[in-house]
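[1] no sequence for this one, just the structure:
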């Protein structure tokens, strides 16, 4: 019986893994073959790199990559600042209305970002940040998930460390930066991973709030390949997609071990 | 109560949501003195220490350290160092960085910082462990890092919250000596919280025994041992604690009085002793043997015999003692006589 369940588990795991990786494998397959070879699955057909060439020539990739990179960096820095301060306040500072404020922050988790698109659009326009990278990143900086995560991480820091630092003459900000932040490092790493991959792949909001190739991130830039007026070329789209996710894939493969450890240590799975 | 003590606590009270924390704590500590706050758990000794440290703010009363009223001052302004029960070492910093943490915060020049750090590590015997993380140290080593961190601050007042409770018995005795020696060498004033009366009696110049948020008795270890102010002190201090006998069992004492006697003041009487008891246990400690005795109107009767002595459990013995060695406590448990 236990052998049966064990092999059942293994088969299930393998099946799940295959389903999971299938789109990526297909993208790799399509990207290195001509369109008709790709969709007809001619296994012996010749390989080609021309799709990458065509995709690369079809859009200002360097600019898009730079925009995406700037976007995730700006969002991450903003999130780190806001979630650190807010998380610390909710974890260790006593102020009136704390519980209600925290409840409101948590309520934010129940609201899909897509619901807020119109309101965010109006707000970004009012701030004069329309069609700018800061404008794309702004609505995500006060992340409820991040605040919650940091609060939990800071709450798990033993209070004696805080007190020891206080007796040594550390200021409140000093304690936050020298005691709480270093101890929450695994949480920061895990959160950074989630944040970067989310915003690297974010599409709808950047599409709406950007207008020019100067600010467009790569996901929006990529959509020109899928626009019906160009005709949908599955091979070129695959090549372009692979190129756009390549930096993330490479980074994940390199830092895989650290990421897994970070998730284990920060206790979110 | 002299007005020029190094540390003065005047009528300090602290309550949580109406529940009693500590009440009416009045205490004078001279410079260079080793004071132990002693008591069972929950008696408010740690609270008293935290009030002194500035980690809690008292509801009433006044705290003066080195001539300055620091009642409302922050922990940093009080010019003291503290050793925590859990050591409170920063797990992400090495031993050296942990010791230098405070100096870095206070922007002490790097050269001076390193010199002081090495000096402190020498004193605590931690040389060669500078680059280790706290997680790679044994309990005793961590404890000494915490001590080194307190030493290096160069503060005159050092507070210790049960610093030895996480160590095994042998190590505890060794570190006890180290702390005492450091205190003498550096001329520090130490306020030391402990629930272990042996620790308090062997280290302190002055012991403050607390119970339920109140001070029961303040005095030298000798005073607490030989002149306990009430039955609680008598039963808490000393190993074994003082035996308490109901006044009804002895002639010449009122029925509502309680009579206390130390183990070493009792003798076995071949016949015609003052009390007849049953042997309940026999504890051999090497230089002496403690014989536990039962008597229907006495509590904690123990007699100390020199060397190895064996007595059959359940056998009957008679004991005797001198009147001058007896401590008499009134109906409320308060001491009534003075032993000369």
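    Here it is on my side, so go on. If you're wondering where the values come from, they're calculated on a predicted model, not measured in any experiment.

[2] In space, what's closest to the spatially most central residue of chain B - neighbours in sequence excluded?
    In chain B, the centroid-proximal residue (CA atoms, centre = their mean) is residue B:200; its distance is 3.0 Å. What sits nearest to residue B:200 in space, not counting adjacent residues and going by CB to CB, 6 or more residues apart in numbering or on different chains, is residue B:36, at 3.7 Å. From N, CA and C alone the C-beta is placed, and that goes for glycine too.

[3] rewinding a little: for the residue nearest to the centre of chain B, give me the backbone phi and psi.
    For residue B:200, the backbone dihedrals are phi -60, psi -50 (criterion: degrees, to the nearest 10).

[4] Kindly report the same for residue B:208.
    Note on residue B:208: backbone dihedrals following degrees, to the nearest 10 are phi -110, psi 110.

[5] for it, what are its contacts?
    B:27, B:35, B:36, B:37, B:38, B:45, B:215, B:217, B:218 (CB atoms under 8 Å, 6 or more residues apart in numbering or on different chains).

[6] give the contact list for the residue nearest to the centre of chain B.
    B:36, B:38, B:192, B:194, B:207, B:221.

[7] With residue B:320 instead?
    Taking CB under 8 Å, 6+ apart as the test, what residue B:320 contacts is B:266, B:267, B:268, B:269, B:272, B:273, B:274, B:275.

[8] Backbone dihedrals for the residue of the stretch 1-150 of chain A found nearest chain B, both of them.
    Closest to chain B within the stretch 1-150 of chain A is residue A:94: 12.5 Å, counting by CB to the nearest CB. Note on residue A:94: backbone dihedrals following degrees, to the nearest 10 are phi -90, psi 120.

[9] Listing partners with orientation, what would you give for the helix or strand hosting residue B:24?
    Applying DSSP states H and E as the criterion places residue B:24 in strand B:19-29. Using DSSP bridges, the strands paired with strand B:19-29 are strand B:7-16 (antiparallel).

[10] Only the buried residues of the strand it pairs with, if you could.
    Using 16 or more other CB atoms under 10 Å in any protein chain shown as the burial criterion, the residues of strand B:7-16 that qualify are B:7, B:8, B:9, B:10, B:12, B:13, B:14.

[11] average pLDDT across it?
    Taken as a whole, strand B:7-16 has a mean pLDDT of 92.

[12] which residues are in contact with it?
    By CB under 8 Å, 6+ apart, strand B:7-16 touches B:1, B:21-29, B:47-48, B:51-52, B:56, B:58-66, B:157, B:189, B:191.

[13] among those, which ones are buried?
    Taking 16+ other CB under 10 Å as the criterion, what is buried in the contacts of strand B:7-16 is B:21-23, B:25, B:27-29, B:47-48, B:51-52, B:56, B:58, B:61, B:63-65, B:157, B:189, B:191.

[14] got the residues of the stretch 1-150 of chain B near chain A?
    Contacts of the stretch 1-150 of chain B with chain A, taken as CB under 8 Å from any CB of the partner chain, map to B:53-55, B:74-76, B:80-82, B:84-86, B:88, B:90-92, B:101-102, B:105-106.

[15] Quick check: residue A:252 touching residue A:260?
    No - using CB atoms under 8 Å as the test, residue A:252 is too far from residue A:260 to be in contact (10.3 Å).

[16] Quick check: of the contacts of residue B:208, which has the highest neighbour count?
    Within the contacts of residue B:208, most neighbours by other CB atoms under 10 Å in any protein chain shown means residue B:37, with 31 neighbours.
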